[in-house]
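Colleague: Kindly generate the corresponding structure for this input.
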Amino acid sequence: MAEHALQQLRLDEKAQEEVSVEKRQENEASVPVAPQEEGATLATCAKAGLPCGHPRVGSGPCVCVKIKALQLKQKSAGGLSSEEVAELGELFQQAEPLWINQKILRVHRNDPTLKELRLGVNLVSSDQVLGLFTALEHNTTLKLLSLGDIQINKPAAAALANSLKVNTRLTQLKLRHAELKGQSASLIYEALKSNNTLKILATHDGFLDAGFQILRARNNDRTLTCMTLRRTNGLPPVYRLHDQMLCDAAEALRGNTFVSSLIAENQAIGLQGAEALAKIVRDKPTVTEVKLSGLSMDLRKLEDLIAVLKQHPTQVTVANKSFNFILLLGRLMRNDPSLDKLDLRLSDDCISANAGRLLAAALKGNTRVTSLSYLAAGSSHFHSFWQSVFGDDGAVALVEVLKANKSLPLSELKLIDCSIGAAGALALADLLKTNTVLREIDLTRNDLTPTAVAAFTEVLWSNTTLIKFEASANLNTIVQINRVSRNDRFLFGLFDTRELTDELAIRLAKALSQNTSMTHLRISLSHLTDVGLIGLTKAIAANRVLQTLYLVGNRAQAPQVQAHVGLREFFRMLGENTTVHTLDITGTYLDGEVIVSLAEVLKTNSTLKKLILDYCDLDDAMVVVLATALEYNSTLTSLSMRHNRFRSSGVIALAHTLQVSMALTELNLSSEQLMSVEVFDAMIEALKVNTCLQTLILGVPNGLEATRKLQVIVTMLRDPAREHAASSAWGDTKPASEIPLAEEAP
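Modeller: Presented below is the predicted three-dimensional model:
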């Protein structure tokens, strides 16, 4: 293919000198030309007084003659017309490939006057590139070659590689805008190993730049003090390619005395590459700095590298979590006293599944680490081959180390999104039977099977040291119930008891009957029936320390789960309780019978100070019942009934209560329901009598008149005669000064 390209460009000068002009034209007509000029008759323009050797097309004048004539006219006073300017551009387009052909032929003829060749245009065809690189093989005069926007395919790259192996004259090669396709870069990279004359290689390809720097390091170039190895963007991150680069770098640095810094970026490093990197760090004391960033690694057999980094910790700086992980293992093996907490978030790195076992091995002799958090890459955007998973192997290995190393004070273990399945989970469950150090475990987003959950359930009921277990709602609830049973003085409340079943509620009730320290109980998003709720009610009635109850979202929940009997029993218990001062049952479906039970409690209870009934589906009739009961209550100071179904009559009933009872200081009736003028009139009358209410939040006023009434309420609440000024009739988040004027109201 290379010979064919040269044949297309070759001109027989000797024939031109020996035959007549006519015969010369006949001979030249049979000479193959570049593909874009097929069918053209080649001739020289010496006859026209321009002995430049440029060819012409057809029987007309040489394009050089036309260009020269137009250029002379352009310099004249008249200049060129727009048509002539366009024609000049077209002539240049025709002439450029022909001029390039001539320059390539000069390289092939080994023209002694041609020392530098710069082709800065993008009109160089693939055949021309191939012919030029082939001509370089035997050229002994060209010192500088600079090419612009060209594409170097595999045949052209092979031709350039062959030329670089034997050419001893070329010292500067500039391919700044060259596009290398396929394995072109690797072919040229291999050729650079055999070249000893090239002094300057300018390219945007990191792979070739690295190869050239390795060449300079091998030649002990005193101007090279920092070697940078980057992965070329066009090549896939295959370990073999970049391992070879690091091996070549290690070999080149063996006799080098000037390189003091090594930078490796965007590399994919396997076993051989890691060994080469370890060799550089270990054997080259003159390399005082190694910077690593954007690396992807296979850690299956990297103990040697870890051991080297353990001995040379100050030489290496990293901007990559994968290598940070390796350095971290070295610190663990050294039992670094400053390393007591590990927070490994490796979701954006490429570490093999063996990382878990390496981490476990590094902890064998460690006596410092108290907290280990490992967030792996189960959801990484990288290919699954590189996903940083801990896996069952890592979990089992870690369990074995925790059992053997009794001096390791690990109290917090978080293995999040680590692809731990049945085997790893069962090993961790077995560990909890004897481990008395672990206090917190987080296995969120792992593949726990029902068998594993059952194993954890069994062991957690007997565990007396755990205070938190994140894996599923029920497992964490078991841990919290255990804490209640053992009267954990640091447990101030039960949180995140989602999906609390009746069985767990009964166990919690038993624990509460023995507890004397917990003051807050929060049961959220549970699905209790009468059985579970009645059991809890009896325990709360017997408990004398609980002060705050949050039974949030019990929805009792949807109509298909009826727990109304349990709620009635719960409120009856509340009437006898003397310690609970805050009750929040937000999101709990309440019917008329339950509201009657609650109303009876409010009449007699003298302890409850804050009641929250938000999103409880209350209608006007229910609010009227509660308002009547509040007339007999003198201790409840805060009442919230946000976002329910009641409208005017319920609010008016509460306004009448405010004229009788002065206990409430906060009343929140916020909703999307439109409030009529009658509601605001009732509240105005109530505020004339009641001077204790400080905060009042109502629904949206319906119309301009209602808005004006609201402004009157705002003014009354701001009256300095009141004991404390109210924040606003619109609530805490909207100062009264921001309430729209009547004409601006919706």
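Colleague: switch to C-alpha atoms for all contacts and neighbour counts from now on
Modeller: Fine.
Colleague: Pull out the buried residues from the longest helix anywhere in the chain.
Modeller: When the chain is parsed with DSSP state H, its longest helix is helix 82-108. Of the residues in helix 82-108, those buried by neighbour count under the rule 16 or more other C-alpha atoms under 10 Å are 88, 92, 94-95, 97-98, 100-108.
Colleague: for the record, mean pLDDT for that helix?
Modeller: Helix 82-108 carries an average pLDDT of 78.
Colleague: cool, and stretch 256-269?
Modeller: Rounded mean pLDDT across stretch 256-269 is 80.
Colleague: just stretch 205-218 next, same as before
Modeller: Rounded mean pLDDT across stretch 205-218 is 85.
Colleague: Does residue 511 belong to a helix, a strand or coil?
Modeller: Under DSSP: H, G, I helix; E, B strand; the rest coil, residue 511 falls in the helix class.
Colleague: Next up, the contacts around residue 223.
Modeller: By C-alpha atoms under 8 Å, 6 or more residues apart in numbering, the contact list for residue 223 reads residue 258.
Colleague: Which pLDDT value goes with it?
Modeller: At residue 223, pLDDT is 88.
Colleague: Also residue 508?
Modeller: Looking at residue 508, its pLDDT reads 89.
Colleague: Could you check how many residues crowd around it?
Modeller: 23 (other C-alpha atoms under 10 Å).
Colleague: Check the one 4 residues further on too.
Modeller: Here the count is done by other C-alpha under 10 Å, and residue 512 has 27 residues near it.
Colleague: can you give me the strands in the stretch 551-700 of the chain?
Modeller: Taking DSSP state E, counting those that start in this stretch as the criterion, the stretch 551-700 of the chain carries its strands at 582-584, 610-612, 638-640, 666-668, 674-675, 695-697, 700-701.
Colleague: nope, the stretch 201-350 of the chain is what I meant
Modeller: Per DSSP E, counting those that start in this stretch, the stretch 201-350 of the chain carries strands over the ranges 226-230, 261-265, 268-269, 289-293, 296-297, 316-319, 341-345.
Colleague: how far off strand 226-230 does the second one point, in degrees?
Modeller: Read that as strand 261-265. Put simply, strand 261-265 runs at 10 degrees to strand 226-230, going by axes from the mean of the first three to the mean of the last three C-alpha atoms, to 10 degrees.
Colleague: sorry, back to before: using CSV, please lay out the strands of the stretch 551-700 of the chain together with mean pLDDT.
Modeller: Shown next, in CSV, are the strands of the stretch 551-700 of the chain (pLDDT from 0 to 100):
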stretch, mean pLDDT
strand 582-584, 93
strand 610-612, 96
strand 638-640, 96
strand 666-668, 95
strand 674-675, 85
strand 695-697, 91
strand 700-701, 88
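Colleague: With respect to residue 340, which of those lies nearest?
Modeller: Nearest to residue 340 among the strands of the stretch 551-700 of the chain is strand 582-584; the distance by C-alpha to C-alpha comes to 40.8 Å.
Colleague: Please name the strands paired to the closest one in the sheet, noting orientation.
Modeller: Strand 582-584 pairs in its sheet with strand 548-552 (parallel), strand 610-612 (parallel), by DSSP bridges.
Colleague: can you confirm residue 538 is in a helix?
Modeller: Yes - under three-state DSSP, residue 538 sits within a helix.
Colleague: All good on my end, thank you.
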